[in-house]
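>>> when you get a sec, could you give me coordinates for this:
(2 chains)
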Amino acid sequence: MTPGRHTEGPTNETVFLIDDDLSVREGLTALIESMDLPVRAFGSAADFLTAQPEEAEGCVVLDVNMPGMNGLDLQREMNSAGIPLPVIFLTGHGDIPMTVRALKAGAVHFLTKPVREDDLLAAVRQALETDRKARSERAEMRRLRERFDLLAPRERQVMHLVTAGRLNKQIAHELGISERTVKLYRGQVMRKMGVDSLADLVQHAQKLGLLS
Amino acid sequence: MKDEQLRPTGIGAVGDVPWGTHFFLFHETKEDLIDANIPYFQAGLETKELCMWVIADPLTEEEVRYSLKHSIPDFEDHFEKGNIEIVRGREWYMTGDDLDLEKVTRGWKQNTDRALNSGYAGFRLSADTAWLDKRRDWKAFCEYEKEVNDSIVDAPMLALCTYPLPGSAAAEILDVARTHQFAIARRNKGWEVVETSELKQAKAEILRLNNNLERRVMERTRQLTAANEELRRQMAERRRAEEALLTAQAELAHVTRVTAMGELAASIVHEVTQPLTGIVSNGNACLNWLANVPPNIEKARGAVERIIRDTNRASEVIHDIRTLVKNTPPHKEEVDLNDLIYRTLALANGEMTPEQVELQTELAAGLPSVVGDRVQLQQVLLNLIMNAIEAMRTVSGRRLLTIQSAMRDPKSVTVSVHDSGVGIDPQNADHLFDAFFTTKSQGMGMGLSICRTIISAHGGHLSNVAKASTGATFEFTLPADVVKSDNVDIATA
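This next block holds a predicted model:
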């Protein structure tokens, strides 16, 4: 696959296909490839975990029913290892209990073998979109966290109280400093957090989990 | 020496007689004597016997030769060659003026030996007793005749003794009759056989024994026939029972196969769905690549090749299932056990993965094939594998299924199926192969029983092998297709 040819987002996006069955693996690899999506196939969960890059982008198409570590085990492993890729499960007709368990563990989509092309394409597109959103959210969070990390302890205290709805006077009283100093800190916080309005600051504080 | 072959006497009423026949006639005239002796000797000469005619007065040698010559065409030739000898009674029987019966007896013996040594069939004698001095020698002669009568039986010799009737007293006639086997007598211009009482008795006894024997033979034959028929009936019955048993066994094997197929349904669907997924995915990919501008022919070709491969894989599975489910009569062919193990594992694969059963195969390379019914042997493998998976269902540790094939001796192939399951309760070990014995809540208890029947019918043996490690091991041995391995031996020798 030539990375430049696909139309779906940045070049790092890859469909990771994991299935122990050669027929299924080669068939789906061909199909995904023919849809101009980059694909990497693995014969077992262990192979995938060994090869999986830290910052993988895209989604995982995963066979539920595999010898060794099965699809559900891998999903659990990915969750605990902090691999945030969305998972599309491949199931057979007889895999209903597993399907239920996978759904409970947060699978985004199920495809029943033999897989219809439209279903696969739709599922992959949706998963990639989900991943993209998640990634941008994560990037946003990272930025916020970085900005928040730049705040001095007094500034954090001020941000905390401001976003909790306290007035400058109350804050000054609470911290035992002058109202003028509170205003000064408040201006620093707005600048360092890159916001223009109190509403935006409150939103960021919410994302950072300061409001609970 | 005894010859079973009968000799023609040439005398119509007497017909054919065995060697060792000693008979007599009373003659009234010379003509009677000639009349009886000429056909007698003609028959002897024609059947290559050494002949001797002991004559007495009033018959002369000239008369005898004359008569013989006129009746037997090549008589002179026979006479020249010594095939027939004519001697006078007085000279033959007497030494000087005395009767010398020891000499006579020796003479018979010598002639008989000479006849045999010179290639004659035997010795034929006719002797007249007209020379005999009855008053002096009758008693001795009678004793001698009695001895001849007793000893001739075992000799290749015929003896016709001729007595002149005129001047014979009744007592003498009785003596003669007593010392011979039978007599012939002149009646209505022909000769008739006059049997002696001993002969009559003997014949009657023989007849009675014969009848008795015949009756017993018939009785025995009847018994044997009845016994034979009974035996044949029992054999037919047994054959019918055996056929019925085989049919029932095949039927049962089929039923358990179908049952096993039912239990495997999910597995089988899985096993067919996998290649179908490959096929449909490759098909779609192929269409996509063909729709590219320009079409990606290389990629499309690769996809079609995979479609063909996956289709064959699906067909194989379907074929195996069809043959397992179809009720086909047993059919012997060459079976590669390693291949059969792989194909059976393909069917059972779907049962193993969800149960997290690890599979380990240790199949001997270059394993000779066996001759047998592929379907039945696959049934055995499937049964053992399914049992192994079943036995590991409740085990929390490692679930390892090990299948081995090996050639432990040059004439047989062994396949063993080992599981790391719950193992076999020693209490049950003796009943594993009994029909209707099961430890499963939903088992019919026929599986292992049928497996053993199948393996036995293939000349092999199925057994549960006790092993030190956990779990259970079942093992069957089948005769290798030795023709093949023999060839290998010769080729490598």
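>>> quick check: residue B:118 touching residue B:48?
No - using Cβ atoms under 8 Å, residue B:118 is not in contact with residue B:48; the gap is 10.2 Å. For every residue, glycine as well, the C-beta is placed using N, CA and C.
>>> and the lengthiest strand in chain B, what other elements does it pack with?
With secondary structure taken from DSSP state E, chain B has its longest strand at strand B:400-409. Applying 3 or more Cβ pairs under 8 Å, 6 or more residues apart in numbering or on different chains; DSSP states H and E, we find strand B:400-409 packed against helix B:337-352, strand B:358-363, helix B:374-392, strand B:412-419.
>>> would JSON lines of the ones you listed with mean neighbour count, distance to residue B:187 and mean pLDDT be doable?
Formatted as JSON lines, the helices and strands packed on strand B:400-409 follow (neighbours: other Cβ atoms under 10 Å in any protein chain shown; distance: least, Cβ to Cβ, whole Å; pLDDT from 0 to 100):
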{"stretch": "helix B:337-352", "mean neighbour count": "20", "distance to residue B:187": "94", "mean pLDDT": "87"}
{"stretch": "strand B:358-363", "mean neighbour count": "13", "distance to residue B:187": "102", "mean pLDDT": "91"}
{"stretch": "helix B:374-392", "mean neighbour count": "23", "distance to residue B:187": "88", "mean pLDDT": "88"}
{"stretch": "strand B:412-419", "mean neighbour count": "23", "distance to residue B:187": "88", "mean pLDDT": "93"}
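>>> mind putting those in TSV, distance to residue A:27 included?
Converted to TSV, the helices and strands packed on strand B:400-409 look like this (distance: least, Cβ to Cβ, whole Å):
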stretch	distance to residue A:27
helix B:337-352	18
strand B:358-363	23
helix B:374-392	27
strand B:412-419	32
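>>> now the ones you listed as TSV including distance to chain A?
Formatted as TSV, the helices and strands packed on strand B:400-409 follow (distance: least, Cβ to the nearest Cβ, whole Å):
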stretch	distance to chain A
helix B:337-352	7
strand B:358-363	7
helix B:374-392	13
strand B:412-419	16
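>>> which one of those lies nearest to residue B:44?
The minimum distance between residue B:44 and the helices and strands packed on strand B:400-409 falls on strand B:412-419, with 75.5 Å, by Cβ to Cβ.
>>> the closest one - contacts with which helices or strands?
Helices and strands touching strand B:412-419, by 3+ Cβ pairs under 8 Å, 6+ apart, are helix B:337-352, helix B:374-392, strand B:400-409, strand B:472-479.
>>> give the residue farthest from the middle of the chain.
You didn't say which chain, so I picked chain A. Distance to the chain centre peaks in chain A at residue A:178, reaching 43.0 Å (criterion: Cα atoms, centre = their mean).
>>> meant chain B, my bad for not saying
In chain B, the greatest distance from the average C-alpha position (Cα atoms, centre = their mean) is reached by residue B:293, at 82.4 Å.
>>> tell me the secondary structure of that residue, please.
Following DSSP: H, G, I helix; E, B strand; the rest coil, residue B:293 is assigned to coil.
>>> in the sheet, who's paired with residue B:99?
Per DSSP bridges, the residues bridged to residue B:99 are residue B:94.
>>> and it, how far is that from residue B:353?
Applying Cβ to Cβ, to the nearest Å, the value for residue B:99 to residue B:353 is 122 Å.
>>> what of residue B:123?
Separation of residue B:123 from residue B:353 (Cβ to Cβ): 104 Å.
>>> looking at the two, which is more packed in?
residue B:123 (25 against 21; other Cβ atoms under 10 Å in any protein chain shown).
>>> wait, that one touches residue B:107, no?
No - using Cβ under 8 Å, residue B:123 makes no contact with residue B:107, being 10.4 Å away.
>>> around chain A, which positions in the stretch 151-300 of chain B sit nearby?
B:266, B:269-270, B:273-282, B:284-286, B:288-289, B:299 (Cβ under 8 Å from any Cβ of the partner chain).
>>> let's verify the spatially most central residue of chain A: helix, strand, or coil?
Geometric centre of chain A, nearest residue: residue A:134, 3.6 Å, by Cα atoms, centre = their mean. When classified by three-state DSSP, residue A:134 comes out as helix.
>>> in contact with it, which residues?
A:84, A:86 (Cβ atoms under 8 Å, 6 or more residues apart in numbering or on different chains).
>>> how close does it get to chain B?
Distance, residue A:134 to chain B, by Cβ to the nearest Cβ, to the nearest Å: 27 Å.
>>> show me what the helix or strand of chain A with the lowest mean pLDDT is packed up against.
Lowest by mean pLDDT, DSSP states H and E among the helices and strands of chain A is helix A:96-104, with a mean of 71. The elements that helix A:96-104 packs onto, with contact taken as 3+ Cβ pairs under 8 Å, 6+ apart, are helix A:71-81, strand A:87-91, strand A:109-112.
>>> among the ones you listed, which is nearest chain B?
Closest approach to chain B among these is made by strand A:87-91 (8.1 Å; Cβ to the nearest Cβ).
>>> what's the average pLDDT for that closest one?
Per-residue pLDDT values over strand A:87-91 give a mean of 88.
>>> what does stretch A:158-175 give?
92.
>>> now it: how far from the chain's centre is it?
Relative to its chain's centre, stretch A:158-175 lies at 34 Å (Cα atoms, centre = their mean, to the nearest Å).
>>> contacts for it, please.
For stretch A:158-175, contacts defined as Cβ under 8 Å, 6+ apart pick out A:151, A:154, A:157, A:178-179, A:181-183, A:185-186, A:189, A:193, A:198, A:201-202, A:205-206, A:210-211.
>>> follow-up on the earlier one: what angle do the least confident helix or strand of chain A and strand A:87-91 make?
Orientation check (axes from the mean of the first three to the mean of the last three Cα atoms, to 10 degrees): helix A:96-104 against strand A:87-91 gives 170 degrees.
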